[in-house]
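>>> sharing a sequence plus its predicted fold:
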Amino acid sequence: MILEMLAEALYHGRANEVTNLTRRALAENISALQILQDGLLRGMDRVGCEFKAGELFLPEVIASAKAMHAGLSLLRPLLAQSPSTRLGRVVIGTVQGDLHDIGKNLVAMMLEGAGFEVIDLGVDVTATRFEDAVRQFQPDLLGLSALLTTTMPEMPRVIAALDSAGLRRQVKVMIGGAPVTQHFADEIGADGYAPNAPAALELAKRLQAYRIDNENPSG
Ligand code: B1M
């Protein structure tokens, strides 16, 4: 019941109500993951469908996105509790021209929660900025997010920039975002694609597996 109210409040873009209901749900011992899946994301799914159908307009979507941020800020410490192990370092960002960050933030939170160190470059990140960050932070993984069909072509540009800077071999590139597919990942030479945040975590662990094996040979 409370999660339905939360989905409804998110859909209507009522940030204060989302904050209060998220607090109440946590006080009722509902897990952060369930609040996310069955409350916040359910509300956002409805927003996405109605926006696509032309039944909702941009100001309403912006209000829902703000409400989403309000809810996520309460869940973040729970989803990203620092574990004792360090799985590796990830640089992540949303590609140039794209301002969508909710999904990228979720991926970052889940990676952090599982033990990755995450350096989040934010949104509208140029290929040069990604390249500089790989040089500066020497991450194991580079995560690229794109939500628009018009910004997906930025992903191969980032990979090309890494290539010409001689940095491509030192980092695994993983990509995701609503319009992105495995086929696209294969086409542009990314190392992996994940359709959602839990799958992104599994992928990141898989891409890092060789390193974990080397560090803990006994398992
Ligand atoms: Co925009 N928007 N939007 N929007 N928006 C979409 C993406 C759209 C599909 C809506 C629609 O038509 N149904 C459509 C894109 C169509 C297309 O390209 N084919 C669209 C459009 C058109 C636009 C504008 C162009 C609208 C306009 O101005 N006319 C504009 C573009 C602005 C820009 O970026 N330059 C725009 C603006 C906005 C807002 C600013 C209002 C807001 C974003 C606020 C914010 O992010 N801070 C917004 C929103 C909220 C949406 C929808 C409704 C919801 C996106 C979202 O947050 N979903 C979206 C509709 C939709 O996606 N169904 C839409 C929840 C989130 C948890 O899911 O982001 O998919 P998602 O992330 C998932 C996976 O994709 C994956 O894991 C995440 C978690 O499970 N994932 C990764 C994401 N990144 C990953 C990286 C990985 C791995 C997995 O590895 C590194």
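Structure's in. What do you need?
>>> please count neighbours and contacts with C-alpha atoms only from this point.
Noted.
>>> quick one, longest helix in this structure?
Longest helix of the chain, by residue count under DSSP state H: helix 58-79.
>>> in its sheet, what does the next helix or strand after that one sit against?
Using DSSP states H and E, the helix or strand that follows helix 58-79 in sequence is strand 88-94. Sheet pairing for strand 88-94, assigned by DSSP bridges, gives strand 116-120 (parallel), strand 141-145 (parallel).
>>> let me see the ranges of the helices in this structure.
2-11, 15-27, 32-35, 41-52, 58-79, 102-114, 127-137, 154-164, 182-188, 197-215.
>>> quick one: contacts for the residue lying closest to His69 once chain neighbours are set aside?
Residue nearest to His69 in three dimensions, not counting chain neighbours: Ile102, with 7.5 Å by Cα to Cα, 6 or more residues apart in numbering. Listed by Cα atoms under 8 Å, 6 or more residues apart in numbering, the contact set of Ile102 reads 65, 68-69.
>>> may I see the helices of the chain organised as CSV, with distance to the ligand and mean pLDDT added?
CSV is the format used below for those (distance: least, Cα to the nearest ligand atom, whole Å; pLDDT from 0 to 100):
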stretch, distance to the ligand, mean pLDDT
helix 2-11, 10, 96
helix 15-27, 14, 97
helix 32-35, 11, 91
helix 41-52, 4, 89
helix 58-79, 4, 90
helix 102-114, 3, 87
helix 127-137, 13, 98
helix 154-164, 11, 98
helix 182-188, 11, 98
helix 197-215, 4, 79
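>>> so which of these gets nearest Arg86?
Of all the helices of the chain, it is helix 102-114 that lies closest to Arg86, at 8.5 Å by Cα to Cα.
>>> identify each buried residue in the closest one, please.
Using 16 or more other Cα atoms under 10 Å as the test for burial, helix 102-114 gives 103-114.
>>> quick one: that helix to strand 88-94, angle?
Here helix 102-114 runs at an angle of 170 degrees relative to strand 88-94 (axes from the mean of the first three to the mean of the last three Cα atoms, to 10 degrees).
>>> ok, Ser164 to Arg157 distance?
Applying Cα to Cα, to the nearest Å, the value for Ser164 to Arg157 is 11 Å.
>>> over to Asp163?
Distance from Asp163 to Arg157, by Cα to Cα: 10 Å.
>>> out of the two, which sits in the more crowded spot?
Arg157 (16 against 13; other Cα atoms under 10 Å).
>>> which non-adjacent residue is nearest the more buried one?
Distances taken as Cα to Cα, 6+ apart place Ala127 nearest to Arg157, at 6.4 Å, with adjacent residues excluded.
>>> so the one you found is in contact with Ser164, correct?
No. Ala127 is beyond contact range of Ser164, at 11.6 Å (criterion: Cα atoms under 8 Å).
>>> more neighbours, the two?
The residue with more neighbours, out of Ala127 and Ser164, is Ala127; 20 against 10, by other Cα under 10 Å.
>>> so who does that one touch?
Ala127 makes contact with 95-96, 154, 157-158, 161, according to Cα under 8 Å, 6+ apart.
>>> how much space between it and Val95?
Using Cα to Cα, one gets 8 Å for the distance from Ala127 to Val95.
>>> can you check Gly13 too?
Remark: distance between Gly13 and Val95 (Cα to Cα) = 26 Å.
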